[in-house]
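**Student:** Generate coordinates for the sequence data below:
(2 chains)
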Amino acid sequence: MKNDVSVEVESSAIAVRQRAHGLIAKSPHEMVRDLFDRIENLPNIKQVRPTDTGLIMVRGKVGGDGARFNLGELPLTRAALRIDGGQVGIGYVAGRNSDHAELAALADAMVQSETWGGVLEEKVLVPLADAVRDKKTENGRKAAATKVDFFTMVRTRKEK
Amino acid sequence: MTAALSLQDIQPGFADPVYDAQRIFRRLMDAMARPGRIVDIDADIVPPVPGLEGLSAIALTLLDFETPVYLPRGEIGEALSGWLRFHCGCPVTTDPQEAVFAILSVTELLPISAFNSGDPKYPDRSTTLLLACPALEGGKHVSLTGPGIKEAAHIAPSGIPDSFWNEVMGDRSQFQLGVDIIMGTSNAVIGLPRTTRINEES
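**Tutor:** Got it, this is the predicted structure:
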């Protein structure tokens, strides 16, 4: 049995990897590639499994419960690689861009490494998080501009 | 058995999964079509267990998410378990009856009757045994007859327990049910499909 502390440490390590993974998977490939290109001396990588593309069935539940239904198929690319320190990273991204998946795997490996975690955070994750937040604000602003205020549509009485 | 996979120790599998698997599959077909012939398997992989190159390559070729594999609890089983789950996505079982494949070394052998010999309606649903031997020569001599063999073939894999051949003969008596066997070393295999009859040589 694991004690509570080790479970907590493990789950926070998972949360750190999930955040890195989420940011890279949701960001456009060109942006991620560009940020990685700005890092000097990236770790050497060795593939554990050749990067490949397949189809997954995306399933959904109406309202988050009820019976699961098949929503549709999604092309998915996965990569698994090992960096210098021995950390293994895996990456899954939607689409067929193998470089994107490999960058996601590289980030997953780097985030687990004490040597590379800081560099990755500073050069890649923070800019991506900013971009994701800006995009969300921008979308919110655009949506807000189209908001129709129904309270203005009160019928005004014609004065006699 | 469904514990989270530790990725840190996972070694790579085939460098080129499609062509490597096709190459190995072709050799395996030769081995099964000509029972008793020693067929070279140039595995070209680094297996999780040294000396298991041939059978590991066969496992990578044949296993997928629909083929539960039986692995013994020992050292070989533990080392293979994570590697096979990662590369093949196959379920790992400790119940030999539900296994479609079983990977064993001769020192960890179970009685052959412990494995699934198929259903009379679906005899193809039996277990296929991948048996790691120290060598395919130098052991007790047995002769083989049956389809794919002109007159008789002679093999002498080493390290096989004495009871094994009796068990195989017993298994063959329930044809068309039965367990198919592939014996392998690091670079060669012998196929013993259930159609092959075994005769011990004095």
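**Student:** The residue lying closest to B:Pro123 once chain neighbours are set aside and B:Gly191, how far apart?
**Tutor:** Closest residue to B:Pro123 apart from its sequence neighbours, by C-beta to C-beta, 6 or more residues apart in numbering or on different chains: B:Gln176 at 4.7 Å. Glycine gets a C-beta too; all of them are placed from N, C-alpha and C. In this structure, B:Gln176 and B:Gly191 are 17 Å apart, going by C-beta to C-beta, to the nearest Å.
**Student:** So those two - more neighbours on which side?
**Tutor:** Applying other C-beta atoms under 10 Å in any protein chain shown to B:Gln176 and B:Gly191 shows that B:Gly191 carries more neighbours, namely 24 against 12.
**Student:** Sheet-wise, list the partners of whatever helix or strand the more buried one lives in with their directions.
**Tutor:** Secondary structure from DSSP states H and E places B:Gly191 in strand B:188-192. Partners of strand B:188-192 in the sheet, by DSSP bridges, are strand B:39-40 (antiparallel), strand B:180-184 (antiparallel).
**Student:** Quick one: residues contacting the residue in chain B positioned nearest to chain A.
**Tutor:** With C-beta to the nearest C-beta as the measure, B:Leu7 is the residue of chain B nearest to chain A, at 4.0 Å. Residues near B:Leu7 by C-beta atoms under 8 Å, 6 or more residues apart in numbering or on different chains: A:Val48, A:Ala80, A:Val88, A:Ile90, B:Phe86.
**Student:** Show me which of these are buried.
**Tutor:** A:Val48, A:Ala80, A:Val88, A:Ile90, B:Phe86 (16 or more other C-beta atoms under 10 Å in any protein chain shown).
**Student:** so the third one touches A:Arg49, yeah?
**Tutor:** Read that as A:Val88. No. Between A:Val88 and A:Arg49 there is no contact under C-beta atoms under 8 Å: 10.0 Å.
**Student:** tell me, what's touching these two both at once?
**Tutor:** The contact sets of A:Val88 and A:Arg49 overlap at A:Ala80 (C-beta under 8 Å, 6+ apart).
**Student:** what about residue 111, how many neighbours?
**Tutor:** This is for chain A. The burial count assigned to A:Val111 is 22, neighbours taken as other C-beta under 10 Å.
**Student:** um, chain B though
**Tutor:** Neighbourhood size, B:Pro111 [other C-beta under 10 Å]: 12.
**Student:** Verify the stated contact: A:Lys61 with A:Asn70.
**Tutor:** No. Applying C-beta under 8 Å as the test, A:Lys61 and A:Asn70 come out as separate, 11.4 Å apart.
**Student:** returning to what we had before: and of the buried ones among the contacts of B:Leu7, the nearest to B:Leu104?
**Tutor:** When the buried ones among the contacts of B:Leu7 are ranked by distance to B:Leu104 (C-beta to C-beta), B:Phe86 comes first, at 20.7 Å.
**Student:** distance of the closest one from B:Gly13?
**Tutor:** Counting by C-beta to C-beta, the separation of B:Phe86 from B:Gly13 is 8 Å.
**Student:** next one: A:Val126
**Tutor:** Plainly put, A:Val126 is 36 Å away from B:Gly13 if you go by C-beta to C-beta.
**Student:** do the same with A:Val88
**Tutor:** From A:Val88 over to B:Gly13 (counting by C-beta to C-beta), the distance is 14 Å.
**Student:** tell me which parts of chain A are close to chain B?
**Tutor:** Within chain A, the positions adjacent to chain B are A:Lys46, A:Gln47, A:Val48, A:Arg49, A:Pro50, A:Asp52, A:Ala80, A:Gly86, A:Gln87, A:Val88, A:Ile90 by C-beta under 8 Å from any C-beta of the partner chain.
**Student:** Wait, a helix at the last one?
**Tutor:** Read that as A:Ile90. No. Assignment of A:Ile90 by DSSP: H, G, I helix; E, B strand; the rest coil gives strand, placing it outside any helix.
**Student:** tell me which element the spatially closest residue to it that is not a sequence neighbour falls in.
**Tutor:** Once flanking residues are discounted, A:Ile90 sits nearest to A:Ala80: 4.8 Å by C-beta to C-beta, 6+ apart. For A:Ala80, the element it lies in under DSSP H and E is strand A:68-83.
**Student:** for that strand, packing partners?
**Tutor:** Applying 3 or more C-beta pairs under 8 Å, 6 or more residues apart in numbering or on different chains; DSSP states H and E, we find strand A:68-83 packed against strand A:45-61, strand A:88-94, helix A:98-111.
**Student:** partners of A:Ala94 in the sheet?
**Tutor:** A:Leu76.
**Student:** C-alpha coordinates for the host helix or strand of B:Ile198, PDB please?
**Tutor:** For B:Ile198, the enclosing helix or strand under DSSP H and E is strand B:197-200. This file holds the C-alpha atoms of strand B:197-200, laid out as PDB (Å, rounded to 0.1, in the frame of the first residue of the first chain):
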ATOM      1  CA  ARG B 197       2.300 -36.500 -34.300                       C
ATOM      2  CA  ILE B 198       5.200 -37.200 -31.900                       C
ATOM      3  CA  ASN B 199       7.100 -40.500 -31.600                       C
ATOM      4  CA  GLU B 200       9.700 -40.900 -29.000                       C
END
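**Student:** Cheers, nothing more for now.
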